[in-house]
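Participant: using only what follows, build the 3D model:
(chains A and B)
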Amino acid sequence: MRISLKIWRQDGPADDGRMVDYRLEEVSEDSSFLEMLDLLNEQLIDKGEEPVAFDSDCREGICGMCGVVINGEAHGPERTTTCQLHMRSFDDGDEIIIEPWRADPFPVIKDLCVDRSSFDRIIQSGGFISANTGSAPDAHATPVPKEDADRAFMAAECIGCGACVAACPNASAMLFMGSKVTHLGELPQGQPEREARVLQMTAQHDLEGFGGCTNLGECSRACPKGIPLNVISQLNADYRRAGYGGRD
Amino acid sequence: MTDTVTRNDELIDGIYREGAPITDTKAPGGDIADKWTTRKFEAALVNPANRRKLSVIIVGTGLAGASAGATLGEAGYKVKSFCYQDSPRRAHSIAAQGGINAAKNYKGDGDSVHRLFYDTVKGGDYRSRETNVYRLAEVSADIIDQCVAQGVPFAREYGGLLDNRSFGGVQVSRTFYARGQTGQQLLIGAYQALERQIAAGTVEMFARHEMLELVVVDGKARGIIARDMVTGEVETHLADAVVLASGGYGNVFFLSTNAMGCNVTASWRAHRKGAYFGNPCYTQIHPTCIPQTGEHQSKLTLMSESLRNDGRIWVPKNAEDCDKDPREIGEDDRDYYLERIYPGFGNLVPRDIASRQAKNMCDEGRGVGPAVDGVRRGVYLDFADAIERLGEDAVRSKYGNLFDMYQQITGENPYQVPMRIYPAVHYTMGGLWVDYDLQSSIPGLFVTGEANFSDHGANRLGASALMQGLADGYFVLPNTIRDYLAKGPFTKITEDDPAVAEAVQGVQDRIEKFLSIDGTRSVDSYHKALGKIMWEKCGMERTEEGLREAIEEIRALRTDFWSNVRVLGSAEGLNQSLEKAGRVADFLELGELMCIDALHRNESCGGHFRAESQTEDGEALRHDDEYAYVAAWEWGGDDEAPVLHKEDLVYDFIELKQRSYK
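Facilitator: Prediction:
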């Protein structure tokens, strides 16, 4: 395949960025999107130009490290991670525009790499169950209804890639937060801290500069794991209950 | 023990020297069932008020590192945690699919600590250390309790209790799982526990940091030199003890199921500073991965082993049929070679055997799929019979997510066309040598998880890697490291200390060197060349001739690398080529040691198959009289032969047997 590329290049956090044009010949349609970028980088190195910086690690769709905006869509045209997108999803001669995640709480480090440490700080603020090592009762001490365990698992599939934020016009991280609140809130072990968790995480979310949710659903559509919008309903419900007194 | 360097200067086989054997692994005496209790009791305690004065550096945030960081933070020690990824949640433990073993015996099917211990030693082909493996089995049940308390959403039955499945050919159901994403769920649990400690101020997190050197002062590990991958700054971090939980080294093969960033640098820098490397040649090659499609390929993807329960593996009988549509090849022209050679176990033979036979078929010219470098490397895994027998819906409900993943990657529909699979490097059983306390041969340096060598012998059983990572991090290390820390706080050292300054200078010189070579070849091109040598000559089947060639080829490649690599950009700021250069430079040294280890071990065991050592039927043949030992290699110096220290494996509780799967 022959491909034209327009890629965001930015030397560092404080520098201005720009779109740069590249052309690639002989791209295999069996190669993954990131392998296409590997090929570009090998050619750039041959020419003595600095390769394009982009993040990736597992390249099997589970670590959440990769993620770029491709032709205006987070992770590109398929509902999957950037690393699992393959070139056969494009046509010979296509122009592909590649940009980093765009959101104030995800500042660009270089080229297509962004800083998502704001997600870690949201988890630090309450996205856990306090259970010190060695203090746990037998795993069978508390049965969990299968439906609850399955829903907790569905929400826990979030890979923390940030596509939801990149896709949202408000740069809201409420799908990310809702998936954690739902994961832990569905389980009996998560109940003691349920209210504090949602209040603290929401406060941190706002402090980081993420926007509010206006129910557009772009986040869920872009989510490579298909986390449904109703985790945000759960988040809102928990927040309301906790905010209006809840248990005392 | 480890400090007795009575080196025999004679070069053996032209490639290595032999040093003093290791005679004490620090395991306490007594019955195997009592050893861990004894050790925990005898390990000194640290007063809670003193813990905050004691500092520990942990490199890596996978299951073994994140769990250790959280647990030591909860106990009140001052922890610094490092990972090269942008968040600790991304470590490659996250990609583990199948499950985690634990001797809970919830199914009442006769499981026990002793049975899990026995299965693990046998599965490792009798090349692991009994005492460590028993302890692993002993703490396994506590792991499940801990994870459930953290909110890990394991699969459950309708009654609300945890579900189990059987795995990897054992006869009991002891594997706990969370669909095909068990590693992800366990890691998120450990990550959240770690983040909780970061918020509590007991753990300081350094993401996008890479350890580039170990600091050893007065013979003790006292810190690391790390590079901030965003600013490029070379930083010194000092502590009372250092823990490496930095994973395995499968990426020495370039193509593997590891993540792109997985590397040996942390372990290798420690090895060069005196930490012995145990059994480097023991690598696991997993039979069911998606084959390579071309030179562009950057990694290989595992398909769960469970597919072999219903899929039938075959290649064409005649090489001329290999480019035909498989559906047009008649039943009589197909060779279901595993069913033919192993009528007893058929498609369910262990991983190493299934892998080696696939290679044999392709070497005979009967492989299928696209040719890479002129050879078709793939065999069919065919579900046509299963679909006819069970119906497509039943197959979809069992394997749907795997079939989808296969289609995503290959663009082929496995419900209609047989899957193509080929073995790929998946796990490394070898790693830094540790004693019963998980302490390396450098005092104060501890090694956990895949980075150490200790529990899996020459072959790891399915669902055991997650168990070991969490056992080490949650339950073993926190109990053994306190015995060491109780002797501290150690003499205060500063960044002016000559040993620290030398370590910093070494790191800076190396970075400077990479950037100044200004050659013509990219780092990746060297990595691929190394991977090819390793895969061809130190992969599924090894011969003396091939290994000797590989050693020469790696040496030549390394020399060329240091004179002709091209690393653009600068040391300041993010520079991914520079990061890769450091990792590949270390792989180029490790690869040689792996070949030396494989060459010296003239027997076949587990994942290490020496063509010279096989039974009449072509099966792996161990030589217990000569090789029932751990090969712990000491760094000999640049361009010097490494020094072998043997730790004899003593089996007091399990009888050694030869495996058979006919």
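
Participant: now do residue A:45 against residue B:566, distance only.
Facilitator: Look at residue A:45 and residue B:566: by Cβ to Cβ, to the nearest Å, they are 6 Å apart. For the C-beta atoms, the positions are set from N, CA and C on the backbone; glycine is no exception.

Participant: between these two, what contacts are shared?
Facilitator: residue B:522 (Cβ atoms under 8 Å, 6 or more residues apart in numbering or on different chains).

Participant: for the residue of chain A found nearest chain B, which residues are in contact?
Facilitator: Closest contact between chain A and chain B, by Cβ to the nearest Cβ, is at residue A:143 (3.0 Å). Residue A:143 sits next to B:156, B:159, B:160, B:161 when contact means Cβ under 8 Å, 6+ apart.

Participant: and those residues, which are buried?
Facilitator: Burial by neighbour count, 16 or more other Cβ atoms under 10 Å in any protein chain shown: within the contacts of residue A:143 this picks out B:156, B:160.

Participant: pick out the most distant pair among the contacts of residue A:143.
Facilitator: With distances taken as Cβ to Cβ, the most widely separated pair in the contacts of residue A:143 is B:156 and B:159, at 8.1 Å.

Participant: hang on, the earlier thing: pick the one among the contacts of residue A:143 closest to residue B:266.
Facilitator: Ranked by distance to residue B:266 (Cβ to Cβ), the contacts of residue A:143 are led by residue B:156 at 37.5 Å.

Participant: any idea how far chain A is from that closest one?
Facilitator: Residue B:156 sits 4 Å away from chain A, going by Cβ to the nearest Cβ, to the nearest Å.

Participant: tell me what that residue is bridged to.
Facilitator: Per DSSP bridges, the residues bridged to residue B:156 are residue B:162.

Participant: over to residue B:645?
Facilitator: The partner list for residue B:645 in beta bridges (DSSP bridges) reads residue B:632.

Participant: and it, what is it in contact with?
Facilitator: The contact partners of residue B:645, by Cβ under 8 Å, 6+ apart, come to B:2, B:18, B:19, B:20, B:21, B:22, B:276, B:632, B:633, B:634.

Participant: which among those end up buried?
Facilitator: B:2, B:18, B:19, B:20, B:22, B:276, B:632, B:633, B:634.

Participant: isn't the fifth one right next to residue B:632, touching?
Facilitator: Translated: residue B:22. Yes: the pair residue B:22 / residue B:632 is scored as a contact, 6.0 Å apart, by Cβ atoms under 8 Å.

Participant: who touches both of the two?
Facilitator: B:433, B:645, B:646, B:647.

Participant: what domains does the record give for chain A?
Facilitator: Following the assignment in automatic domain parsing, chain A carries domains at A:3-109, A:116-243.

Participant: and which of the buried ones among the contacts of residue B:645 is nearest residue B:49?
Facilitator: Closest to residue B:49, out of all of these and judged by Cβ to Cβ, is residue B:2, at 33.1 Å.

Participant: those strands in the stretch 151-300 of chain B, which residues are they?
Facilitator: Remark: strands assigned in the stretch 151-300 of chain B by DSSP state E, counting those that start in this stretch are B:175-176, B:203-206, B:209-217, B:220-228, B:234-238, B:241-244, B:277-278, B:283-289.

Participant: any chance of CSV for those, columns mean neighbour count?
Facilitator: Compiled in CSV, the strands of the stretch 151-300 of chain B are given as follows (neighbours: other Cβ atoms under 10 Å in any protein chain shown):
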stretch, mean neighbour count
strand B:175-176, 26
strand B:203-206, 21
strand B:209-217, 24
strand B:220-228, 24
strand B:234-238, 18
strand B:241-244, 30
strand B:277-278, 28
strand B:283-289, 26
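
Participant: can I get those strands in CSV with mean pLDDT?
Facilitator: CSV is the format used below for those (pLDDT from 0 to 100):
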stretch, mean pLDDT
strand B:175-176, 94
strand B:203-206, 98
strand B:209-217, 98
strand B:220-228, 98
strand B:234-238, 98
strand B:241-244, 98
strand B:277-278, 98
strand B:283-289, 94
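
Participant: residues of stretch B:381-401 that come out buried?
Facilitator: Using 16+ other Cβ under 10 Å as the test for burial, stretch B:381-401 gives B:381, B:382, B:383, B:384, B:386, B:387, B:395, B:398, B:399.

Participant: who does the helix or strand hosting the first one pair up with?
Facilitator: For residue B:381, the host element (DSSP states H and E) is strand B:379-382. Paired strands of strand B:379-382, with direction, are strand B:312-316 (antiparallel), strand B:419-428 (antiparallel) (DSSP bridges).

Participant: and those, which is most packed in?
Facilitator: strand B:419-428 (a mean of 26; mean count of other Cβ atoms under 10 Å in any protein chain shown).

Participant: was I right about residue B:220 contacting residue B:441?
Facilitator: No: in this structure residue B:220 lies outside contact range of residue B:441 using Cβ under 8 Å: 11.9 Å.

Participant: contacting residues around residue 129?
Facilitator: I went with chain A, as the question did not name one. Residues near residue A:129 by Cβ under 8 Å, 6+ apart: A:184, A:187, A:189, A:190, A:193, B:149, B:150, B:151, B:192.

Participant: other chain: chain B
Facilitator: B:25, B:454, B:455, B:630, B:647, B:649.

Participant: closest to residue B:209 out of those residues?
Facilitator: residue B:454 (26.5 Å).

Participant: okay, now the closest one: neighbour count?
Facilitator: Residue B:454 has 30 neighbours, counted by other Cβ atoms under 10 Å in any protein chain shown.

Participant: ok, the one 10 residues further on next?
Facilitator: Neighbours of residue B:464 under the rule other Cβ under 10 Å: 29.

Participant: now it. Its backbone dihedrals?
Facilitator: The phi/psi pair for residue B:464 (degrees, to the nearest 10) reads phi -100, psi -20.

Participant: I'd say it and residue B:101 touch.
Facilitator: Yes: at 5.7 Å, residue B:464 and residue B:101 qualify as touching, with contact defined as Cβ under 8 Å.

Participant: so which of the strands of the stretch 151-300 of chain B is nearest chain A?
Facilitator: Per Cβ to the nearest Cβ, nearest to chain A of these: strand B:203-206, 7.6 Å.

Participant: partner strands of that closest one, with direction?
Facilitator: strand B:78-82 (parallel).

Participant: and the partner strand, how far from the chain's centre?
Facilitator: 23 Å (Cα atoms, centre = their mean, to the nearest Å).

Participant: following element in sequence after the lowest-mean-pLDDT helix or strand in chain B, please.
Facilitator: Ranking every helix and strand in chain B by mean pLDDT, DSSP states H and E puts strand B:8-12 at the bottom, with a mean of 81. Using DSSP H and E, the helix or strand that follows strand B:8-12 towards the C-terminus is strand B:16-18.

Participant: does any part of the helix or strand following that next one sit near chain A?
Facilitator: On the C-terminal side of strand B:16-18, the closest following helix or strand by DSSP H and E is helix B:35-42. No: Helix B:35-42 is not in contact with chain A by Cβ under 8 Å from any Cβ of the partner chain; minimum separation 11.4 Å.

Participant: quick one: buried residues of whichever helix or strand comes after helix B:35-42?
Facilitator: Using DSSP H and E, the helix or strand that follows helix B:35-42 towards the C-terminus is helix B:48-51. For helix B:48-51, the neighbour count (16+ other Cβ under 10 Å) marks residue B:51 as buried.

Participant: from the chain's centre, how far out does helix B:48-51 sit?
Facilitator: 34 Å.

Participant: before we move on, what about stretch B:229-240?
Facilitator: Centroid displacement of stretch B:229-240 relative to its chain, using Cα atoms, centre = their mean, is 26 Å.

Participant: what is the end-to-end distance of it?
Facilitator: 25 Å (Cα to Cα, to the nearest Å).

Participant: got phi/psi on the closest residue to chain A within chain B?
Facilitator: Relative to chain A, the nearest point of chain B is residue B:160 (3.0 Å; Cβ to the nearest Cβ). For residue B:160, the backbone dihedrals (degrees, to the nearest 10) come out as phi 90, psi 0.
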